[in-house]
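A.B. asks: Kindly generate the corresponding structure for this input.
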Amino acid sequence: MKNIILIGMPGAGKTTLGTILSRRLKMPFVDTDQVIEEREGASLQKIFEARGLEDFKIFEGEVVASLNLSAHIIATGGSVIYSQDAMSHLARLGTIIYLHVSPAALEERVNNADTRGMARRPGMTLAELYNERAPLYRAWADCTVAGDNLSPESMADEIIAFISQGECKKS
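C.D. replies: Predicted coordinates for the structure are as follows:
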């Protein structure tokens, strides 16, 4: 089985959903944010503060592009979408699922935007970040799952249906 790769904004539920899919599909789970933290021995926020926005995005892309996994659930950091090399690599490795969550829902979910290591320009709002990234997520997605009104379990049901039957509700 190919990898199932989850992309989307911070707060979209990639890690939560990845854990559920891992359990239900009996596939190992990898969170690329955790891989980055382990390689650097620091939190994403500290890495981001030390490296700055552009260097962090380059570093994240290099780490993700170096992954050599099969039959895994992979949750990516929200900013991986900026790396053409990383996204091309992920597309070769498996099926890319975009977890779409509206800016309003993100505002409700993300209450620690300034401390969670979110790769964004100073002063940039979540809505502005969403507007910048959403077209990139859509462009790479094999399937889009709308997460505003679905539980993580229901989102997992949609992804499993897509993986097993090729049915995807594009949003």
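
A.B. asks: Can you find the helix or strand of this structure with the lowest average pLDDT?
C.D. replies: Ranking every helix and strand in the chain by mean pLDDT, DSSP states H and E puts helix 103-109 at the bottom, with a mean of 70.

A.B. asks: Distance from the chain centre to the helix or strand harbouring residue 155, please.
C.D. replies: Using DSSP states H and E, residue 155 maps to helix 152-165. Distance of helix 152-165 from the chain centroid (CA atoms, centre = their mean, to the nearest Å) equals 16 Å.

A.B. asks: Return the list of helices and strands in contact with that helix.
C.D. replies: Other helices and strands packing on helix 152-165, by 3 or more CB pairs under 8 Å, 6 or more residues apart in numbering; DSSP states H and E, are helix 14-25, strand 94-100, strand 143-146. Yep, even glycine has a C-beta here, placed from its N, CA and C like the rest.

A.B. asks: Apart from its neighbours in sequence, what residue is nearest residue 19?
C.D. replies: In space, and not counting its chain neighbours, residue 19 is closest to residue 29: 5.9 Å by CB to CB, 6 or more residues apart in numbering.

A.B. asks: Look up which residues are beta-bridged to the one you found.
C.D. replies: Note on residue 29: beta-bridge partners residue 73, judged by DSSP bridges.

A.B. asks: Tell me how many other residues crowd it.
C.D. replies: Residues near residue 29, counting by other CB atoms under 10 Å, number 20.

A.B. asks: List the contacts of it.
C.D. replies: 18, 19, 21, 22, 72, 73, 74, 75 (CB atoms under 8 Å, 6 or more residues apart in numbering).

A.B. asks: which of these are buried?
C.D. replies: 18, 19, 21, 22, 72, 73, 74, 75 (16 or more other CB atoms under 10 Å).

A.B. asks: The fourth one and residue 15, how far apart?
C.D. replies: In this structure, residue 22 and residue 15 are separated by 10 Å, where distance is defined by CB to CB, to the nearest Å.
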